[in-house]
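Peer 1: Turn this into a structure:
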Amino acid sequence: MFGIPGKPALSLTPAAIKQITRLMERDDSMGLRIGVKKGGCAGMEYTMEYVSEVNPHDEVIEEGGARVMIAPMAQMFLFGTEIDYEVSLLESGFKFNNPNVVDACGCGESIKFAEPEAADK
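Peer 2: This is a model prediction of the structure:
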């Protein structure tokens, strides 16, 4: 587990809680699993999927009826992230305010994280 004991790895805004709860009810799921994968022009992309069961290695965040599971390989990349849900005239969707991102492409869906520092030998 990464992060600070007693502090959730990520936080949800009221708009995100409302949307996640709505999606859970609509699709009769246990929640959304969030992860990261290689891809996109900046190197990494967020993933979101409905889940019907909790992986014992997932970190589970529950707030206001919303449940988000963080895939094990994504936990270190998502620590400190705030997830929001924004609606505009042209689009709506989840927005990740992630302090670990060092670069993002113009589309806003591809991100880059800092390279891990090599241990001194």
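Peer 1: is it true that D84 touches K95?
Peer 2: Yes - D84 lies in contact with K95 (CB atoms under 8 Å); the separation is 4.6 Å. For every residue, glycine as well, the C-beta is placed using N, CA and C.
Peer 1: who touches both of those two?
Peer 2: When CB atoms under 8 Å, 6 or more residues apart in numbering defines a contact, no residue borders D84 and K95 alike.
Peer 1: ok, V101 to K18 distance?
Peer 2: Counting by CB to CB, to the nearest Å, the separation of V101 from K18 is 25 Å.
Peer 1: Can you give me the buried ones in the longest helix along the chain?
Peer 2: In the chain, with assignment by DSSP state H, the single longest helix is helix 14-27. Residues of helix 14-27 classed as buried by neighbour count (16 or more other CB atoms under 10 Å): A15, A16, I17, Q19, I20, T21, L23, M24.
Peer 1: In a markdown table, list these along with distance to F79.
Peer 2: A markdown table is the format used below for those (distance: CB to CB, whole Å):
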| residue | distance to F79 |
| --- | --- |
| A15 | 21 |
| A16 | 17 |
| I17 | 19 |
| Q19 | 22 |
| I20 | 19 |
| T21 | 23 |
| L23 | 23 |
| M24 | 23 |
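Peer 1: Considering those, which is situated nearest to C41?
Peer 2: Nearest to C41, judged by CB to CB, of the buried residues of helix 14-27 is A16 at 25.5 Å.
Peer 1: distance of the closest one from G39?
Peer 2: From A16 to G39 the distance is 23 Å (CB to CB).
Peer 1: Thanks a lot, catch you later.
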